[in-house]
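In: Sequence first, then the predicted structure, then my questions.
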Amino acid sequence: MKPPSALLSLLLLAPAVPAMAQFAWIEADGKHLELTFQNRPVARYVYEPIDESTPERRDETYKPFCHIYRPDSREEFLTKGPGGKFTHHRGIYYGFSKISYTDRDGKLWTNVDTWHCRKAHQIHRRFTAKGADDKTAHFTSVIDWIGDDGQVFATEERTMRFSYPAKDLVVDFESKLTPTVPSLRLDGDPQHAGFQFRAHNDVNDVSQNATYYIRPGSGIGQPGIAINWSPKTDNEQTRDLPWKGMCFTLDGKFFTVAYLDDPGNPKPARASERQYGRFGTYFATDVIPEKPLSVRYRLVIRQGEMTVEEITKLSDDFKG
């Protein structure tokens, strides 16, 4: 049966309904940038400027970081924020605990710490890029690294990209760090430096004995057992790994994060694991203004478990 001519005319004249944007950014009062996908929260980049009005507020605001939402929730994070076990562990974050440099007045600074941020800290200054469409979303945040004297000693351009090429969330992290002093040295140790991921604090409080790691060569590890780099364990299981996976549980559900290290990043890259849900790598390197430090990592996040073969394929695709 054909529709009446009047109805047909209305249908033809009706404006086309635009397709719902897949990714979208929502900014909240200069404190954080919220990413949604099909109107579901995906990530929150937290960049509130440092507030030194009280020790508590300083602790909450001394460095930018990125939260990831649980895929099965519109409200709960998969990652940890301030507080909890080791307050300085925050979602997806980047810093070094033993930075040294000579400033432009000739004074030597040592053990400058943008990891714990007891004196030094990081401040987001502005966004130089921000975009979202049907397939991907990204931003670039300019971050000043502030020394113990309150002066900027380096400026970082941090770019994060988000996509869902399949069922997993892919988070690409790129950083370019340019000293504002003649040169600086970045250093630390596996537990207190580099690019790292920290799962929700409930992993520490409830389920850390269920956390297991997936490693190249040795495969799926025993739950509750971590392997870390040290001078005594400097081998192919703790150094220069192309990838690693961490599987942890929240509310009885498995979540896996695959950590992919670009071969062009500084080496040796020394690995860190903790049963409570933090892992990553760190390196030591010297940086000068004429040759900024550029690094690139990828995290692939899934509700569920991953196999060695799956993470190997993800790593090969990332390097390719």
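Out: Right, received. Where do you want to start? The model shown is predicted, which means the values in this text are computed figures rather than measured ones. Residues are numbered from 1 along each chain as shown.
In: All the helices of the stretch 201-320 of the chain, in order from the start?
Out: Ranges of helices within the stretch 201-320 of the chain are 201-202, 308-319, based on DSSP state H, counting those that start in this stretch.
In: Return the list of helices and strands in contact with the longest one.
Out: It stands for helix 308-319. strand 243-250, strand 253-261, strand 293-303 (3 or more Cβ pairs under 8 Å, 6 or more residues apart in numbering; DSSP states H and E). In short, each C-beta sits where N, CA and C put it, glycine included.
In: what's the most buried one of the helices of the stretch 201-320 of the chain?
Out: helix 201-202 (a mean of 19; mean count of other Cβ atoms under 10 Å).
In: Work out the gap between it and the centre of the chain.
Out: Relative to its chain's centre, helix 201-202 lies at 17 Å (Cα atoms, centre = their mean, to the nearest Å).
In: Check which helices and strands it sits against.
Out: If contacts are counted by 3+ Cβ pairs under 8 Å, 6+ apart, helix 201-202 sits against no helix or strand.
In: okay, and for the stretch 1-150 of the chain, where does confidence drop off?
Out: Across the stretch 1-150 of the chain, the ranges flagged by pLDDT under 70 are 1-21.
In: swap the cut-off to 90 and go again
Out: 1-21, 27-30 (pLDDT under 90).
In: in it, which spans are strands?
Out: For the stretch 1-150 of the chain, the strands defined by DSSP state E, counting those that start in this stretch cover 23-28, 32-37, 40-46, 65-68, 92-96, 99-102, 108-112, 121-132, 136-146.
In: Any chance of a markdown table for the ones you listed, columns distance to residue 268 and mean neighbour count?
Out: Converted to a markdown table, the strands of the stretch 1-150 of the chain look like this (distance: least, Cβ to Cβ, whole Å; neighbours: other Cβ atoms under 10 Å):
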| stretch | distance to residue 268 | mean neighbour count |
| --- | --- | --- |
| strand 23-28 | 36 | 15 |
| strand 32-37 | 33 | 20 |
| strand 40-46 | 30 | 20 |
| strand 65-68 | 25 | 24 |
| strand 92-96 | 15 | 25 |
| strand 99-102 | 18 | 20 |
| strand 108-112 | 21 | 15 |
| strand 121-132 | 25 | 16 |
| strand 136-146 | 23 | 20 |
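In: what's the span of stretch 100-120 from first residue to last?
Out: One end of stretch 100-120 sits 12 Å from the other (Cα to Cα, to the nearest Å).
In: Just the residues contacting it, thanks.
Out: 62-63, 88, 95-99, 121-122, 145-149, 151, 153, 179, 181-185, 187-188, 192-193 (Cβ atoms under 8 Å, 6 or more residues apart in numbering).
In: Mind giving me the PyMOL command for buried ones among those?
Out: In PyMOL, this line selects whichever of the contacts of stretch 100-120 come out buried by 16 or more other Cβ atoms under 10 Å:
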select buried, resi 62+63+88+95+96+97+98+99+121+122+145+146+147+148+153+179+181+184+187+188+192+193
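In: right, so of the helices of the stretch 201-320 of the chain, which gets closest to residue 74?
Out: Set against residue 74 and scored by Cβ to Cβ, these come closest in helix 201-202, at 17.6 Å.
In: what comes into contact with the closest one?
Out: Taking Cβ under 8 Å, 6+ apart as the rule, helix 201-202 contacts 80, 83-85, 250-251.
In: most neighbours per residue, which of the helices and strands packed on helix 308-319?
Out: Highest mean neighbour count among the helices and strands packed on helix 308-319 (mean count of other Cβ under 10 Å): strand 243-250, a mean of 23.
In: That strand: partners in the sheet, and parallel or antiparallel?
Out: strand 212-215 (antiparallel), strand 253-261 (antiparallel) (DSSP bridges).
In: Direction-wise, compare the last one with strand 293-303 and give the angle.
Out: In other words, strand 253-261. 160 degrees (axes from the mean of the first three to the mean of the last three Cα atoms, to 10 degrees).
In: So what's the gap between strand 253-261 and the chain middle?
Out: 12 Å.
In: pLDDT averaged over that strand, what's the number?
Out: Averaged across strand 253-261, the pLDDT comes to 98.
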